[in-house]
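Student: output the structure for:
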Amino acid sequence: MVPASLAVTSTPDYDISGLTSGLIYAYDTDAGWQNSNIVDYTEGQDVPIVFVGDKYTTSPSPFTYSFKFTYQDKNLDAIAFEDIDVSTVKFIDEEGNNITEPKVSFATPIVSYEKKNGVPEFMILTVNVTDGSPIVGTVGKFGLMFELKLKGPNQASLFQGSSITARIKDAPDTNGNKSLSFPTTRYYGTVEVMKEFTEEYSNIPENVVVNLDDDYEFLISPDTWKSTNTDVEPGEYTVSEDFIAEGWTYEVYNSTEEFSSEMPPGNEIDVKSGETVYVKVINTYKEQQKYGDVMFHKYFEFVDETETPTSVNINWGEADVAIDSDDEWTELVEDMGVGNYPTSEDSLGDYWTYEIEYYVGSLDGVSEDDYTAIEPGGEIPVEDGLTTHVFVYNKYDEPENPPNPKIGVDITKTVDTDWHYTGGGPVSYIITFENTSDETVFNWVDFMDETSWNHEPEDVSNFEAWLDKNDETVDIFMTDDGRDFFDNEWPYDMVTFGGFEPDDIITITYDYDSGDFGDGTYTNTVTGCAWMGEIDLNNPVCDTDDASFTVRNRTVTRDYDPGIKIEKDVDLDEASVGDTVTYTIEVENNGDYDLEDVTVVDEMIDETWDIGDLDEGDSISKDFDYEIQEDDFDDDGLFVNTAVVTGDWSRGTVDADDTATVEELIIEVTEEDVAETTPELPDVVPEKVVLPAPAVPQALPKTGQVPPELFYGLGSILMAAGYGLGRKKKD
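Tutor: This is a model prediction of the structure:
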């Protein structure tokens, strides 16, 4: 269709409505416009050439179209084209008509050449529009058309994104060709953009815009989250995304294959003529952290000039906030993440308690009635952009009759063994001495170590003593045998170690050579005492503990041969399912040592027999009744079970086992047996015959025996006939 504002003259042979925008075509008088076929020409003939545009565009005057001709034969020494007649340069509409209004003027085309090593390689044709411009249109195509006169038996190609190879008819090239051919190539590239979101995207706009630099804009809607532009000029572009919403970020992936999993990330894409670049823009949403402030306010109630601390810690989440009197008992914590935080107060000592209230927002015009009270340790909210005020109230409630503080020490002594043989040892002792007082600090300590034997200091070795204070260990006694420690007449001074404070522990370890001790029990008693203030030997705080061990004479050990025996028998060698068999189990102590905890376990018949003690040479037996079950027999028709007996002696355990086997019996009835024993029925059938109920067999016959339905049906007849059923071993 020709826009109404265009004036044209008819040249219907040049219709370009079916041509592809962005390509260059040559005109064949027989086949019309050609881009990929071979067109024949003779030397000196004018070749109509057209460059197809996709729509009428407005361009300010002047503007330029540039075409480049390249030689295929690099040995040419002459140009293959005549100069172009300016009268042949024109615009045509999609029906091939010349556009005459508004008038478009062209300057004389400029022809320039590029040479390589003195040989022409390119001819560049520049067409300048000097007057007027094409009319803006919304439909149809337009073409820039000119005629190219060929000369000489040479080859050349023309391309403006596309390429044309010109061959002169009857002037064969090195391959014998005599034609003009047109390889197909698009001038533009295609870019397809797809959006992908990793989170719910209810908070983003309805449409999203993706840009290639400032040249191309892709408006992507939620319908498909995809947009395509087929007319992107070749070149490199940076892909960017317009702002979606707070918290959204994006990454760009691109590939020449449609949304390939191998798409490499990157904002740069390379658009090439006739090719498609696929771009995937993936959006990720990250919740934005919001912050608020917290202001702590500390209040004390003073009672009887009770001394208050100068600084108090508030445990706030995982941090401690120090509130001190220098800041008028307030402390501001800024930029806390929005959320709820538990809060508590470090202990101020006995009789101090605290309460907490809070208020979120400005305190202007707010009364204490507006505060929210929470239990100690409760949670405080932090809200975005607001300040939470936390009020901590301390109260001192001293009892009228405060309890007396506890004063005490605790001593323990242990030895590493209960006994050893004569000639053994040494033994190792551990003594711990702890200040169990509430508040009392002792300045002096002393120990007395008494033994039930004649103590020899030279028999003491590896003596060590240390003080555990505030999670630290301090060596306090370094003598080798402890004589300076135990035998001093004056208590040991603890002041240099900060005193013996509540929860402090003194630990003493040493070894004692007991190799010469005879048979008997040896007791070691230790007493630890402590004094506070100026030492007064008459008023210690003391505690006592002892530890004992025994020495035994070595004896000759006899070599014993303990043993146990079990025999298991069954009263029937053959039985069927449902039969009851009796197992007899006999256990004998056939060793030379008395046994304890003698137990028989027979898992197959689910029996456990606790015998208890069984002295040397004694025996015992017991019967067990068992009803044969359907699953007891194995595939060979055998029921095999084993009884195991165990017994304990002073140095271990003895055991034995025995097995009893029952073979399966089956009932077998043949049809001949039934026929021979069936009684003749009378000619007259009595009105009513009462037969005894058939007995249900304990086991159904196996394959090859009487079918179950026949067996049950003949039951009463067989019984009436006195038929005797026998037993038969399974084959």
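
Student: quick check: buried residues in stretch 550-560?
Tutor: In terms of neighbour count (16 or more other C-beta atoms under 10 Å), stretch 550-560 has its buried residues at Val551. C-beta coordinates here come from the backbone N, C-alpha and C atoms, glycine included.

Student: quick check, Leu332 in contact with Trp316.
Tutor: No. Here Leu332 does not reach Trp316: they are 12.0 Å apart, not a contact under C-beta atoms under 8 Å.

Student: neighbour count winner among these two?
Tutor: Trp316 (19 against 11; other C-beta atoms under 10 Å).

Student: which parts of this protein belong to which domain?
Tutor: Domains of the chain are assigned by automatic domain parsing as 7-181, 189-285, 291-396, 409-552, 565-665, 667-731.

Student: gap between the two ends of the fifth one?
Tutor: Domain 565-665 stretches 31 Å from its first residue to its last (C-alpha to C-alpha, to the nearest Å).

Student: quick one: average pLDDT of it?
Tutor: For domain 565-665, the mean per-residue pLDDT is 92.

Student: again with the longest one
Tutor: When pLDDT is averaged along domain 7-181, the result is 58.

Student: repeat that for the third one.
Tutor: When pLDDT is averaged over domain 291-396, the result is 84.

Student: repeat for the second one
Tutor: This predicted structure assigns domain 189-285 an average pLDDT of 84.

Student: coming back round to it: identify the contacts common to Leu332 and Trp316.
Tutor: Residues touching both Leu332 and Trp316 by C-beta atoms under 8 Å, 6 or more residues apart in numbering: Val294.

Student: who's in contact with the spatially closest residue to Glu375 that is not a sequence neighbour?
Tutor: Of all residues not flanking Glu375 in the chain, Ile356 sits nearest, at 7.8 Å (C-beta to C-beta, 6 or more residues apart in numbering). Ile356 is in contact with 343, 373-376, 378, 380, 390-393, counting by C-beta under 8 Å, 6+ apart.

Student: what helices or strands is the lengthiest strand in the chain leaning on?
Tutor: If you go by DSSP state E, the chain has its longest strand at strand 652-666. In terms of contacts (3 or more C-beta pairs under 8 Å, 6 or more residues apart in numbering; DSSP states H and E), strand 652-666 is packed against strand 565-570, strand 574-575, strand 580-588, strand 638-649, strand 728-729.

Student: ok, back up a step: quick one: which of the contacts of Ile356 is nearest to Val193?
Tutor: Ile380 (48.0 Å; C-beta to C-beta).

Student: partner residues bridging the residue nearest to Glu375?
Tutor: Counting by DSSP bridges, Ile356 is bridged to Ile374, Val392.

Student: and the helices in the protein?
Tutor: In the chain, the segments counted as helices under DSSP state H are 483-486, 671-677, 708-713, 715-720.

Student: start and end of stretch 497-504, how far apart?
Tutor: Its first and final residues considered, stretch 497-504 spans 11 Å by C-alpha to C-alpha.

Student: so what's Glu603 up against?
Tutor: Residues near Glu603 by C-beta under 8 Å, 6+ apart: Asn641.

Student: what does the one 5 residues further on give?
Tutor: Residues near Thr608 by C-beta under 8 Å, 6+ apart: 599-602.

Student: quick one: which of the residues you listed is nearest Thr414?
Tutor: Thr599 (38.2 Å).

Student: pretty sure the closest one contacts Leu614?
Tutor: No. Using C-beta under 8 Å, Thr599 makes no contact with Leu614, being 10.4 Å away.

Student: quick check: which ranges of the stretch 401-550 of the chain have low pLDDT?
Tutor: 402, 477-490, 535 (pLDDT under 70).

Student: go again with 80.
Tutor: 401-404, 455, 475-492, 496, 533-538 (pLDDT under 80).

Student: please enumerate the strands of it.
Tutor: With DSSP state E, counting those that start in this stretch as the criterion, the stretch 401-550 of the chain has strands at 409-415, 419-421, 427-435, 444-451, 460-469, 472-477, 492-493, 505-512, 520-531, 541-552.

Student: want to throw these into JSON lines with distance to Asp214?
Tutor: JSON lines is the format used below for the strands of the stretch 401-550 of the chain (distance: least, C-beta to C-beta, whole Å):
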{"stretch": "strand 409-415", "distance to Asp214": "85"}
{"stretch": "strand 419-421", "distance to Asp214": "96"}
{"stretch": "strand 427-435", "distance to Asp214": "81"}
{"stretch": "strand 444-451", "distance to Asp214": "87"}
{"stretch": "strand 460-469", "distance to Asp214": "74"}
{"stretch": "strand 472-477", "distance to Asp214": "70"}
{"stretch": "strand 492-493", "distance to Asp214": "87"}
{"stretch": "strand 505-512", "distance to Asp214": "78"}
{"stretch": "strand 520-531", "distance to Asp214": "88"}
{"stretch": "strand 541-552", "distance to Asp214": "90"}
